[in-house]
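Peer 1: have a look; sequence and predicted model below, questions after that.
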Amino acid sequence: MSQLSGERGSLWLGAFVGFLVIVFLGLWLPVVAQFIGGIVAGVIAKGGAGRGALAGFLEGIFGGIIVAVFAVAVGGLLSGLIGGLFGGLVGAIMELVAILLSMVGAMIAAVGGLVGGAIAEQITFVFWARVLSNKSFLPFA
């Protein structure tokens with residue numbers, strides 16, 4: 001059984017689904033979407049707060065890679081349009097800012113993943129406590 005998936009949940013699936021949450025919510029809730037995506041990634045990854053934080057960080061890195069590729073493309077385009085040293089400098093600054101902002105987003109997603117992993121661990125604990133004590137399986141019964 002792999003370290004990244006198994007009984008605890010899938011780390012990569014959690015990161016991918018969290019990334020999709022960021023893509024869909026990012027237009028309306030720019031910063032909150034990263035946190036919510038991290039929570040989703042942490043809950044799917046399961047395995048505690050540390051594993052949830054890792055899933056959230058990976059999910060933020062997915063977005064960072066896409067932003068970096070887009071920034072390199074736009075920077076290269078600006079370099080050609082503006083021309084010369086000034087265009088290259090503007091493109092490089094845009095790329096640096098995009099990478100730094102995506103790293104901040106990855107940290108926000110990691111905090112969300114930490115919260116999501118802790119929530120998933122607590123839900124699992126409550127479920128098994130009810131099973132072992134022969135109480136109802138329903139959470140509010």
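Peer 2: Structure received. Numbering: from 1, shown residues only.

Peer 1: who's in contact with the residue lying closest to Met103 once chain neighbours are set aside?
Peer 2: Of all residues not flanking Met103 in the chain, Gly64 sits nearest, at 6.3 Å (C-beta to C-beta, 6 or more residues apart in numbering). C-beta coordinates here come from the backbone N, C-alpha and C atoms, glycine included. By C-beta atoms under 8 Å, 6 or more residues apart in numbering, the residues touching Gly64 are 99, 102-103, 105-106.

Peer 1: from these, which ones fall inside helices?
Peer 2: The helices in this structure, assigned by DSSP state H, contain 99, 102-103, 105-106 from the contacts of Gly64.

Peer 1: now list the buried members of those.
Peer 2: When the ones in helices among the contacts of Gly64 are checked for burial by 16 or more other C-beta atoms under 10 Å, the buried set is 102-103, 105-106.

Peer 1: still on that earlier bit, out of the contacts of Gly64, who's nearest Gly9?
Peer 2: Ala106 (20.0 Å; C-beta to C-beta).

Peer 1: what about the one residue sitting closest to the centre of the chain, distance to Ala120?
Peer 2: Among the residues of the chain, the one closest to the centroid is Glu59, at 2.9 Å (C-alpha atoms, centre = their mean). Distance, Glu59 to Ala120, by C-beta to C-beta, to the nearest Å: 15 Å.

Peer 1: over to Met94?
Peer 2: In terms of C-beta to C-beta, Met94 sits 38 Å off from Ala120.

Peer 1: which of those two has more residues huddled nearby?
Peer 2: Ala120 (24 against 17; other C-beta atoms under 10 Å).

Peer 1: name the element the more buried one belongs to?
Peer 2: helix 84-132 (DSSP states H and E).

Peer 1: what about the chain, any weak spots by pLDDT?
Peer 2: Scanning the chain for pLDDT under 70 picks out the ranges 1-8, 78-79, 84, 125-141.

Peer 1: the same query, at a cut-off of 50, please.
Peer 2: When residues are selected by pLDDT under 50, those of the chain lie in 1-6.

Peer 1: related to what we said a few turns ago, tabulate the contacts of Gly64 (TSV), appending distance to Leu114.
Peer 2: Below are those laid out as TSV (distance: C-beta to C-beta, whole Å):
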residue	distance to Leu114
Ile99	23
Ser102	19
Met103	17
Gly105	15
Ala106	13
